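[1] coords please:
(chains A, B, C and D)
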Number of protein chains: 2
Amino acid sequence: MTETGKEKAITMPEAENNTFDQPCPIRDVLDRIGDQWSLLVLEALGTGRMRFNELGREIGDISRQMLSRTLRRLEHDGLVDRTIFAEVPPRVEYALTDLGRSFLGPMQVLVKWADDNHQAICNARLRINKHDGSQP
Amino acid sequence: MTETGKEKAITMPEAENNTFDQPCPIRDVLDRIGDQWSLLVLEALGTGRMRFNELGREIGDISRQMLSRTLRRLEHDGLVDRTIFAEVPPRVEYALTDLGRSFLGPMQVLVKWADDNHQAICNARLRINKHDGSQP
DNA sequence: GCTGCATGGTCTACTATTTAGATCAAGGAC
DNA sequence: GTCCTTGATCTAAATAGTAGACCATGCAGC
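    You can find the predicted model right below:
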């Protein structure tokens, strides 16, 4: 079950879904950036170019595989640029492209909302929502 | 090995993480709305109040379990309001709260970006990114 | 009177994704 | 010679998500 001959996304990172049969572009784009890590990676890169492990340290709790995969996807989508320096030990730097930078604005709006409404959300969470069907 | 600082108790819907030891509110909020489904649910509810199955049909490919879980979480976070009508067959309607509605603006910005840049992303995807170590 | 349908979920069994940790390659420090 | 560094990748195990069966309830049809 674990290593059966199914070549899925783990074994073939290159063979991602390239067919754009998504009816709506929003859905298509949200499928990519709406995951756990992409926003965080883009936010981290918003502060400037970074190396792989530096990025991992900045985000804190991302596994190397997911960092690698997320970066590859963002690069593939044209949001992130990857530069390899032929040094030893190897150095690889990641930076936002123009397209990637254009995303910072919308993301900042989102982050601002999160910041502004964090307290309200905390309050809602602390209020025990008992749905015992209290019908007046 | 068991729990090293990061507990995301999604497996236990009742016992959600109520401790706010997240250093940054952005991270805390993004952990909730930055998943596959929350955005889509909020977007769907943005058009008006809806019943459970209606919502599922609108989104299309969400499992009932995830829809239920996502709605419960959004309700718990105070973004969505749940109204049960004591009828048979049972009727449950979901609607955005004021807090939930306040999120529509930021989301629209995001959706607009997705819409505007969908083509650029498609172009980037179609361009085969071969990283054969071509250093300048 | 009994069966079947509709709704809003939940439970279970399976599948897919994510993680943790080992490993790799290659040059430099010791 | 041995170990350290970096940027990954591979494997095995844990976790998250899916599809579909199932539940309760009142009414329509037989």
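[2] can you pull up the most central residue in chain A?
    For chain A, the residue sitting closest to the mean C-alpha position, by C-alpha atoms, centre = their mean, is A:Ser38 at 0.8 Å.
[3] I'd guessed it sits against A:Thr70; true?
    Yes. Counting by C-beta atoms under 8 Å, A:Thr70 is a contact partner of A:Ser38 at 5.7 Å. From N, CA and C alone the C-beta is placed, and that goes for glycine too.
[4] just say helix, strand or coil for A:Glu93.
    Three-state secondary structure (criterion: DSSP: H, G, I helix; E, B strand; the rest coil) places A:Glu93 in strand.
[5] gap between it and A:Glu87?
    In this structure, A:Glu93 and A:Glu87 are 11 Å apart, going by C-beta to C-beta, to the nearest Å.
[6] show me which of the two is the more surrounded one.
    Using other C-beta atoms under 10 Å in any protein chain shown as the criterion, A:Glu93 and A:Glu87 rank with A:Glu93 on top: 16 against 9.
[7] what's near enough to touch that one?
    A:49-51, A:82-83, A:85 (C-beta atoms under 8 Å, 6 or more residues apart in numbering or on different chains).
[8] repeat for A:Ile62
    Counted by C-beta under 8 Å, 6+ apart, A:Ile62 has contacts A:37, A:40-41, A:56, A:70.
[9] keep only those of the residues you listed that are in helices.
    The subset of these located in helices under the criterion DSSP state H comprises A:40-41, A:56, A:70.
[10] ok so, going back, between the contacts of A:Ile62, which sits nearest B:Ser102?
    Distances from the contacts of A:Ile62 to B:Ser102 were compared by C-beta to C-beta; the smallest belongs to A:Leu40, at 22.9 Å.
[11] distance of the closest one relative to A:Glu58?
    Looking at A:Leu40 against A:Glu58, where the rule is C-beta to C-beta, the gap reads 9 Å.
[12] okay, these two: which has more neighbours?
    Each of A:Leu40 and A:Glu58 has its neighbours counted (other C-beta under 10 Å); A:Leu40 has more, 23 against 15.
[13] and the strand or helix carrying A:Val109, does that touch chain B?
    A:Val109 is located in helix A:104-126, with elements delineated by DSSP states H and E. Yes. Between helix A:104-126 and chain B, judged by C-beta under 8 Å from any C-beta of the partner chain, the touching residues are A:105-107, A:109-115, A:117-118, A:120-126.
[14] all strands for chain A, in order.
    Listed in chain order, the strands of chain A (DSSP state E) span residues A:50-51, A:80-85, A:91-96.
[15] can you list the strands that the last one pairs with?
    So the one you mean is strand A:91-96. In the sheet containing strand A:91-96, the strands it pairs with under DSSP bridges are strand A:50-51 (antiparallel), strand A:80-85 (antiparallel).
[16] any chance of JSON lines for the ones you listed, columns mean pLDDT?
    JSON lines is the format used below for these (pLDDT from 0 to 100):
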{"stretch": "strand A:50-51", "mean pLDDT": "96"}
{"stretch": "strand A:80-85", "mean pLDDT": "96"}
